[in-house]
Each structure stands twice: as C-alpha cells, then as structure tokens.
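**Student:** I need the structure of the sequence given here:
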Amino acid sequence: MKPLPDNLKYVFIGNNNTLLIIIAKGFISVQEEKLVKLLRDHKTSISWTLVDIKGISPSMCMHHMLLEDNAKPIREMKRRLNPPMMEVAKVEILKLLDA
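**Tutor:** Residues are numbered from 1 along each chain as shown. As a prediction, the model looks like this:
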C-alpha cells in the first residue's frame, strides 16, 4: 500500500483484509462505522477490476496494438500544439468532460 495524504486512510471492507478502499480520516467514529457498514452491504456494486463491471465486456476497455513479428515498440516524445490549436483542444476536452 502506498502512503496516503494525512486526511485519508485505508479501510478493508472484505473478509480477511480484502477489498481495500480509501476514506477520509475526519469522520466521527459513528459516521465511519456507518460508512463502512454501508460500503460492506453494497460491495457488489463497486467494481474492483475490469471483470467486475457488469454489462461491459473487458475487451471493450482494453487497447491492443498489433505489431509485426520483429518490430520493437518505442516511445516517442510528446509533441506541442501551437497556441490556437491548444485552445481548440481545450474546448473539446471540456465538452467531453461535461458530457
């Protein structure tokens, strides 16, 4: 487990320290108990892996790149957009986030 900021903490909602979630530390103990109980009662509605997402095939969430047999994948540097295109891209990204 990686270190968390001071305002967050780990809680297990499964049996034998499984199904790890992150919650805020600022809860009163009664509130925390109610939250953990609610999450335990509805843990089947939380998707822990791609396979757990009901109604969506995991193959829809995966990206495959077909390469030739002897091809070696390389990573190219990022390319900068010119300022007018950057504004257009920013507007499109905001539209997608709003949708």
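
**Student:** which residues sit against the top helix by length along the chain?
**Tutor:** The longest helix of the chain (DSSP state H) is helix 83-98. Contacting residues not belonging to helix 83-98 are listed as residue 81 [C-beta atoms under 8 Å, 6 or more residues apart in numbering]. No exception for glycine: its C-beta is placed from N, CA and C like everyone else's.

**Student:** and the end-to-end length of stretch 59-75?
**Tutor:** 24 Å (C-alpha to C-alpha, to the nearest Å).

**Student:** how far does that stretch sit from the chain's center?
**Tutor:** 23 Å (C-alpha atoms, centre = their mean, to the nearest Å).

**Student:** next one: stretch 73-88
**Tutor:** Once both centres are worked out by C-alpha atoms, centre = their mean, stretch 73-88 turns out to sit 25 Å from its chain's centre.
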